[in-house]
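# I'll drop the sequence and a predicted model, then ask my questions.
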Amino acid sequence: MRRAWIVVWKDVLSERRSKESLNALVFFSLLLLFVFQFALGPERAKVETALPGLLWLGFLLAGLLAFGRTFLVERENDCWEGLILAPGDKSAIYLGKLVGNVLLMAVVEAVLVLLFALFFSLDFTSVLPGLVLVLALGTLGLAAVGTLFGAITAQLRARELLFPVLLLPAAVPVLLASVSATQTVLLGEPLAQAAPWLKLLGAADLVYLVVGVLTFEFVLEA
Amino acid sequence: MPVRALGWLAVLGLVAGIVAAFGYAPREVVQGNVQRIMYLHVPAVLTAYLAFALVFIGSVGYLLTRRAGWDRLALAAAEPGVIFTGITIASGSIWGKPTWGTWWTWDARLTSTAVLFLVYVGYLLLRGMIDEPDRRARAAAVVGILGTANIPIVHFSVKWWRALHQPATILGPEPSPIAAPIALTLFVNWLAFTLLFLYLLAKRTEIARLEERHAE
Amino acid sequence: MIATGPDAVREQTPPLPASDLVVEATHLRKRFGLTCALEEVSLSLEAGCGLTLLGPNGTGKTTLLRILATLLRPTSGSLRIAGLDALKEPAAVRGAIDMVGHGTWIYEDLTAIENLRFWSVMGGHDAARARLRAALESVELDTVAERRARTFSAGMKRRLALARVLLGRGRLLLLDEPFTGLDRAGRKWLGEFLMSFKARGAFVVATHSFDAGLGVADRVAILAGGRLALDRPATELGHDDLHRLYDDLALGPGVAS
């Protein structure tokens, strides 16, 4: 899996140098915060009750942007064909891109959680471990599908339109499970309460990963 | 022509189904005549599942063999599948209106079916956006495979999600033992729908084959 | 200059089935919807041979090259590379192919040496720093090894792509319009590179630049209107005859797209 790591290395390096995606996504998170507040009105209680949903809505919207750009760097630099001609198992590229996406989303999510804590005077410290677990499982599921669909739509004219259209229905179960589990965690309830949701997320993640790994070589062709 | 015979059989079945649904099956005590729409709703959803199973098979078949026939199967199954899913949702909604007073509730099965509808409409949209046959077939196959793999996950997530808010509403056949006339009517309608679906499948496959030949 | 490259870079040809015929394409046809880009194209290439594919823009040179690279599937026809069926087992064949096309496969935010490292690992080759540096030396880019590719000129990017080729184990090199944007010295340099590559395998250069293309060729083929109008050893025809033929076949009335 040396090739998967070199893909991650390449993307992290590119991102660190250009800072395109990260800056914009972080700023996007900040904007979302304002948008949510304005959409919900001045009552703070409304935001608090809606918090799990808002968090995941934010992650999903950021994810739509982030995952849609998964292969942007390949497209812009005309490297797509290079990846196609690279010998060996193509799923290494999928995994590499997936890890890259997860890392990107991790940063964005951390920022968004931080912003929520800041702006709404919320304290997440007591529930942090559980929250991190739910976020990790949910993000993995979104990223697994997002990376795959990102590759599919990468070469299409209508990719900005088609990518959300494909991703959103597929992301429904992850969304439902993540929001429910997040709600349980944020209410301070023991993690065991959210266990069924976490198990569902785990199973879903596994299914998506397997499908992604098995089908990626068919996606990455001319 | 076997396909035409299939068509006529389907029509026959549908007529029999309607007759059975209105004449033969008993009138439900609580819900009244509107409950008869179940004989449309349940067979439609079963047929939709059959359709999407075929989409899955066609998708896998194409990826493994690269033969256009499999892709035609996937396409020809997806289009009627979406239609039947639409019928399921519409009939479910109509059924629900007198029962619950609203056109839509986030009932577990209705929601799952709606998500299914969205997934496969997306599938068809994707197909519409790619001109090159091989790329289109490959992209559609991957989306189709994921869509089908997602069905049980969607089912459970929605079901549990609803369980949090409301006890499950019953939008389906009565719990067993199901009375014989009801079962028979359901069966006749299900058979008719399946025949109709197979007829549409065959016709759509023919059209797809003609389209390909025309492009040559 | 880069006659054979330092030994650190040179590699044994891979253990692909021994076959002198590197490329054997028969009756290739490619349709895009209703337009026929390639019609009944057959050609063969032996190891140590350099083929120049001449033709004005739009005649299907890129399409043919991409089919040879297994990036595109022909509508019909067969293709064998290094003894393997390229259409049935593209993955097995791709290890032997390298391409320098319109896209140079260069990540602009990465430095020259980082780009080489990436593609070396992707190709499953040894990516030791010394080896990468040696390759950069061969193409005279060692001075800018740590500079980001974004700052490179077209010629430099092409040289970087060729450094990548040096690090690989490709036996068939496909180049699409490699002379564009190169000055006289650059073209000379590229010609020498291609000459030395012949020791490893074969190459196909697709170009509309008549003089440059002819300079490197052992065989010349003219692609006109999707058909191979000519395929002869370069020595058979004189320069002027060839030029006339090219003008007639490629640029004549009713043939050019």
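That came through fine. Numbering: from 1, shown residues only, chains lettered A, B, ... in the order given.

# Residue numbers of chain A in contact with chain C?
Taking CB under 8 Å from any CB of the partner chain as the contact definition, chain A meets chain C at A:2-3, A:6-7, A:9-10, A:13-14, A:17-18, A:73, A:76-88, A:222. Bear in mind the C-beta positions are built from the backbone N, C-alpha and C, glycine included.

# quick one: contacts of the helix or strand of chain A with the lowest mean pLDDT?
Counting by mean pLDDT, DSSP states H and E, chain A has its least confident helix or strand at helix A:72-76, which shows a mean of 85. Contact partners of helix A:72-76, identified using CB atoms under 8 Å, 6 or more residues apart in numbering or on different chains, comprise A:11, A:14, A:79-80, A:83, A:154-155, C:107-109.

# Break chain C down into its structural domains.
Domain ranges of chain C: C:19-96+C:174-257, C:103-169, per automatic domain parsing.

# Lowest-confidence entry in the contacts of helix A:72-76?
Among the contacts of helix A:72-76, A:Q155 carries the weakest pLDDT, at 83.

# Quick one: name the residues of chain B near chain A.
Counting by CB under 8 Å from any CB, chain B comes close to chain A at B:63, B:115, B:118-119, B:122, B:125-126, B:129-130, B:135, B:138-139, B:141-143, B:145-147, B:149-150, B:153-154, B:156-158, B:160-161, B:164.

# Mind checking which of the residues you listed are buried?
Among the residues of chain B next to chain A, those scoring as buried are B:63, B:115, B:118-119, B:122, B:126, B:129-130, B:135, B:138-139, B:141-143, B:145-147, B:149-150, B:153-154, B:156-158, B:160-161 (criterion: 16 or more other CB atoms under 10 Å in any protein chain shown).

# So which of the domains of chain C is nearest chain A?
domain C:103-169 (2.4 Å; CB to the nearest CB).

# Can you list the low-confidence ranges for chain B?
Scanning chain B for pLDDT under 70 picks out B:1, B:28-31, B:164-178, B:215-216.

# just the helices in it please.
In order along the chain, chain B carries the following helices (DSSP state H): B:2-19, B:38-65, B:68-100, B:108-129, B:133-165, B:180-215.

# and if you look at chain A?
Using DSSP H, the helices assigned to chain A run over residues A:2-18, A:20-40, A:44-68, A:72-76, A:80-85, A:91-119, A:128-154, A:159-186, A:195-219.

# Please render those helices as CSV that adds mean neighbour count to the earlier fields.
Formatted as CSV, those follow (neighbours: other CB atoms under 10 Å in any protein chain shown):
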stretch, mean neighbour count
helix A:2-18, 18
helix A:20-40, 16
helix A:44-68, 19
helix A:72-76, 17
helix A:80-85, 20
helix A:91-119, 20
helix A:128-154, 24
helix A:159-186, 23
helix A:195-219, 20
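
# Going by mean pLDDT, which of those comes out lowest?
In terms of mean pLDDT, the lowest-scoring of the helices of chain A is helix A:72-76 (a mean of 85).

# residue nearest the centroid of chain B?
B:A48 (1.6 Å; CA atoms, centre = their mean).

# Show me the strands in the stretch 51-200 of chain C, by range?
All strands of the stretch 51-200 of chain C, identified by DSSP state E, counting those that start in this stretch, fall at C:76-81, C:84-85, C:97-100, C:172-176.

# most neighbours per residue, which of the ones you listed?
Comparing those by mean neighbour count (mean count of other CB atoms under 10 Å in any protein chain shown), strand C:97-100 comes out on top with a mean of 26.

# Can you name every helix or strand that that one contacts?
Applying 3 or more CB pairs under 8 Å, 6 or more residues apart in numbering or on different chains; DSSP states H and E, one finds that strand C:97-100 makes contact with helix A:80-85, helix C:154-167, strand C:172-176.

# how would you label the residue nearest to C:G77 when sequence neighbours are not counted: helix, strand or coil?
In this structure, C:G77 finds its nearest non-sequential neighbour in C:L28, 3.7 Å apart by CB to CB, 6 or more residues apart in numbering or on different chains. With DSSP: H, G, I helix; E, B strand; the rest coil as the basis, C:L28 sits in strand.

# isn't C:L28 right up against C:A37?
No: if you go by CB atoms under 8 Å, C:L28 and C:A37 don't touch, sitting 10.1 Å apart.

# distance of A:W197 from chain B?
7 Å (CB to the nearest CB, to the nearest Å).

# repeat for C:V23
Distance, C:V23 to chain B, by CB to the nearest CB: 22 Å.

# tell me the SS of that residue?
strand.

# thought it was touching C:A47?
No: using CB under 8 Å, C:V23 is not in contact with C:A47; the gap is 9.7 Å.

# So these two - more neighbours on which side?
C:V23 (25 against 19; other CB atoms under 10 Å in any protein chain shown).

# contacting residues for that one?
Counting by CB under 8 Å, 6+ apart, C:V23 has contacts C:43-45, C:68, C:79-81, C:172, C:202, C:204.

# try 6 Å this time
Residues in contact with C:V23 (CB atoms under 6 Å, 6 or more residues apart in numbering or on different chains) are C:45, C:81.

# cool, A:L137 as well?
A:L201.

# again, only this time at 7 Å
Residues near A:L137 by CB atoms under 7 Å, 6 or more residues apart in numbering or on different chains: A:198, A:201-202, A:205.

# would JSON lines of the residues you listed with distance to C:M156 be doable?
Below are those laid out as JSON lines (distance: CB to CB, whole Å):
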{"residue": "A:L198", "distance to C:M156": "52"}
{"residue": "A:L201", "distance to C:M156": "48"}
{"residue": "A:G202", "distance to C:M156": "49"}
{"residue": "A:D205", "distance to C:M156": "44"}
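
# which one of those is nearest chain C?
Nearest member of those to chain C, counting by CB to the nearest CB, is A:D205, at 26.5 Å.

# my guess is the closest one meets A:L140, correct?
Yes: between A:D205 and A:L140 there is a contact under CB atoms under 7 Å: 4.8 Å.

# If you drop the residues flanking it in sequence, what lies closest to the residue of the stretch 51-200 of chain C found nearest chain B?
Per CB to the nearest CB, C:R73 is where the stretch 51-200 of chain C lies closest to chain B, at 6.2 Å. Once flanking residues are discounted, C:R73 sits nearest to B:D134: 6.2 Å by CB to CB, 6+ apart.

# Run a quick neighbour tally on the one you found.
16.

# Next, name the residue at the spatial heart of chain C.
Short answer for chain C (CA atoms, centre = their mean): C:L174, at 1.8 Å.

# mind listing what it touches?
Per CB under 7 Å, 6+ apart, neighbours of C:L174: C:65, C:68-69, C:97, C:99, C:204.
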